[in-house]
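K.L.:
Structure for this input, please:
(2 chains)
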Amino acid sequence: MDLEKFLVLSAIIFAIGLYGALARRNVITVLMSLELMFTAVILAAVTMSRYVASREALAQTGVATESVLQTLLTGQVFALFIIVVAAAEIALGLGIVIAFYRSRETVDISQANLMNR
Amino acid sequence: MLFQDLIFWALAAVAVVGALGVVLLRDVFRSALLLVLVFLTVAGLFFFLAAEFLGIVQVLIYAGAISILIIFAIMLTQNVQEGNLPNGLQFAAVLLPALLLVALAFVAFDTDWRLIADLPAVGGTAVEDAAFRDNTFTLSKLLLENYALAFGAAGTLLLASIIGALSLVRER
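P.N.:
Residues are numbered from 1 along each chain as shown, chains lettered A, B, ... in the order given. Take a look at the predicted model:
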């Protein structure tokens, strides 16, 4: 039951973030919704690492070695890499937002239509 | 156990309400502050999941650095009075996440998970105690031995994104 409640919480946060990314016109809100979705995915990865046994650990019948125990933490390693990519994404995204605001004097994402005229 | 459940449900409720506030509030600055709240509650959940290193990283990077970046961008674009308007896609934008949520919840409840708690014990202690006892040490070992190449690539990615962001916002 513990596993499911964490997974459902992460799914709820992901769905809210997806709604924000689809339905809002302010670019900064869209970026914040993307961050919500990243956070939900990290939460799911850490939950899996905490509760779900890896294939190596399942194959082990006798005494589990240290390296097998380490594979249980792979989800947390992936969460760390997702955090790094999210940080890079938000830095570049906000740079684009500021460049866009300089050229158009707005943060309305529907005004970003240079390739759609 | 009851106390832990209570804290979990409190954190979950704050996270969901805060996330709703982030996408629904009209004032973008308040959304940014609620985003910090959501990040902090998720950091609290990480401590529940025996991931104390990630919990601290979450507070430092998300609640510290990324939220400061977002608040700076809000102040630089000075569009607080116009705020956070919805676009014309409301129906599809509610339907699609709702469908996704139902599908994800179905998968979470329907899958036959192979839990760590069901594994045979290791040297007298349960596997979860042995694996999550020294979280930071084990994580750093895994990161710098098995994932050393990805670790270096992540550093390169951060450097490239910093240079790209600088060249985007530079005055011409």
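K.L.:
and the residue nearest the centre of chain A, what is it in contact with?
P.N.:
The centre of chain A sits closest to A:Phe38, judged by C-alpha atoms, centre = their mean, with a distance of 1.5 Å. Residues in contact with A:Phe38, defined by C-beta atoms under 8 Å, 6 or more residues apart in numbering or on different chains, are A:Ile82, A:Ile83, A:Ala86, A:Glu89. For the C-beta atoms, the positions are set from N, CA and C on the backbone; glycine is no exception.
K.L.:
count of residues packed around residue 107?
P.N.:
If you meant another chain, say so; for now it's chain A. 25 (other C-beta atoms under 10 Å in any protein chain shown).
K.L.:
my question was about chain B
P.N.:
Neighbours of B:Val107 (other C-beta under 10 Å): 11.
K.L.:
give me every residue that touches it.
P.N.:
Applying C-beta under 8 Å, 6+ apart, no residues qualify as near B:Val107.
K.L.:
measure it to A:Met37 for me?
P.N.:
17 Å (C-beta to C-beta, to the nearest Å).
K.L.:
B:Leu119 now?
P.N.:
B:Leu119 is 32 Å from A:Met37, by C-beta to C-beta.
K.L.:
Checking B:Trp113 next. Helix, strand or coil?
P.N.:
coil (DSSP: H, G, I helix; E, B strand; the rest coil).
K.L.:
So for B:Leu100, what's the nearest residue that isn't a sequence neighbour?
P.N.:
Counting by C-beta to C-beta, 6 or more residues apart in numbering or on different chains, B:Leu100 lies nearest to A:Ala15, which is 5.7 Å off, once chain neighbours are set aside.
K.L.:
Output the helix or strand where that neighbour lies as PDB, nothing but the C-alphas.
P.N.:
According to DSSP states H and E, A:Ala15 maps onto helix A:2-23. The C-alpha trace of helix A:2-23 is given here as PDB (Å, rounded to 0.1, in the frame of the first residue of the first chain):
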ATOM      1  CA  ASP A   2       2.900   2.300   0.700                       C
ATOM      2  CA  LEU A   3       4.200   2.000  -2.800                       C
ATOM      3  CA  GLU A   4       0.800   2.700  -4.400                       C
ATOM      4  CA  LYS A   5       0.100   5.900  -2.400                       C
ATOM      5  CA  PHE A   6       3.500   7.400  -3.300                       C
ATOM      6  CA  LEU A   7       3.000   6.500  -7.000                       C
ATOM      7  CA  VAL A   8      -0.600   7.900  -7.100                       C
ATOM      8  CA  LEU A   9       0.700  11.200  -5.400                       C
ATOM      9  CA  SER A  10       3.400  11.500  -8.100                       C
ATOM     10  CA  ALA A  11       0.800  10.800 -10.800                       C
ATOM     11  CA  ILE A  12      -1.500  13.600  -9.400                       C
ATOM     12  CA  ILE A  13       1.400  16.100  -9.400                       C
ATOM     13  CA  PHE A  14       2.400  15.100 -12.900                       C
ATOM     14  CA  ALA A  15      -1.200  15.500 -14.200                       C
ATOM     15  CA  ILE A  16      -1.500  18.900 -12.600                       C
ATOM     16  CA  GLY A  17       1.800  19.900 -14.200                       C
ATOM     17  CA  LEU A  18       0.600  18.600 -17.600                       C
ATOM     18  CA  TYR A  19      -2.600  20.700 -17.300                       C
ATOM     19  CA  GLY A  20      -0.500  23.800 -16.500                       C
ATOM     20  CA  ALA A  21       1.800  23.200 -19.400                       C
ATOM     21  CA  LEU A  22      -1.100  22.800 -21.800                       C
ATOM     22  CA  ALA A  23      -3.600  25.300 -20.600                       C
END
